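A.B. asks: Predicted model, plus sequence, below.
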Amino acid sequence: MDDATTRGHIQSHADAVVRGDMDAVVADFSEALRPQVPQLAQALPQPTTSADVQSIDTGEDETVATIQYSGADSAVTIRSRWRDEGGRPVIVHAEPVG
C-alpha cells in the first residue's frame, strides 16, 4: 500500500467522523463491512468532537490504524485494518480497543 495516500485517507476518514459526514464514513468501509457501520458508530462518543490518529502501520498488503475519538465526557480508541480495493484504501476490519 502507498504510505502517503493511505495516511491521507485515514486522516480524512477521522475528520469525516468528527464532521458527522456519514456518507464519507460509510464509503470508507468495504462492501462486506458496511452492514456493521451502525454498530461501530454506537461505540463512538456522541457527539464526537475530535479524532486523534495515534498510529499508522503501513504494510505491503494491509495498513493498521489506531484512532482515538473523543467527546465531552468520553473517548474510545478504534483499531482498523485497511486494504486497497478498487484502487483506494478501505476499512476491512474495525474494533474498539483498550
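C.D. replies: Yep, that arrived.

A.B. asks: When you work out contacts or count neighbours from here on, use the C-alpha atoms and nothing else.
C.D. replies: OK.

A.B. asks: Quick check: next helix or strand after the worst-scoring helix or strand of the chain on mean pLDDT?
C.D. replies: Least confident helix or strand, the chain: helix 37-42 with a mean of 94, by mean pLDDT, DSSP states H and E. Going down the chain from helix 37-42, the next helix or strand is strand 50-58, by DSSP states H and E.

A.B. asks: what helices or strands is that following strand leaning on?
C.D. replies: If contacts are counted by 3 or more CA pairs under 8 Å, 6 or more residues apart in numbering; DSSP states H and E, strand 50-58 sits against helix 3-19, strand 63-70.

A.B. asks: Please spell out which residues along the following helix or strand past the longest one are buried.
C.D. replies: Taking DSSP H and E as the definition, the helix or strand that follows helix 3-19 towards the C-terminus is helix 22-27. Judged by neighbour count using 16 or more other CA atoms under 10 Å, the buried positions of helix 22-27 are Val25, Val26.

A.B. asks: start the count at 216, not 1, going forward
C.D. replies: Yep, numbering from 216; the last one is helix 237-242 now.

A.B. asks: Give me the contacts around helix 237-242.
C.D. replies: Residues from elsewhere that reach helix 237-242, judged by CA atoms under 8 Å, 6 or more residues apart in numbering: His228, Ala231, Val232, Arg249, Val252, Val305.

A.B. asks: re the thing from before, any idea which of the helices and strands packed on strand 265-273 is most buried?
C.D. replies: Highest mean neighbour count of the helices and strands packed on strand 265-273: strand 278-285, a mean of 21 (counted as mean count of other CA atoms under 10 Å).
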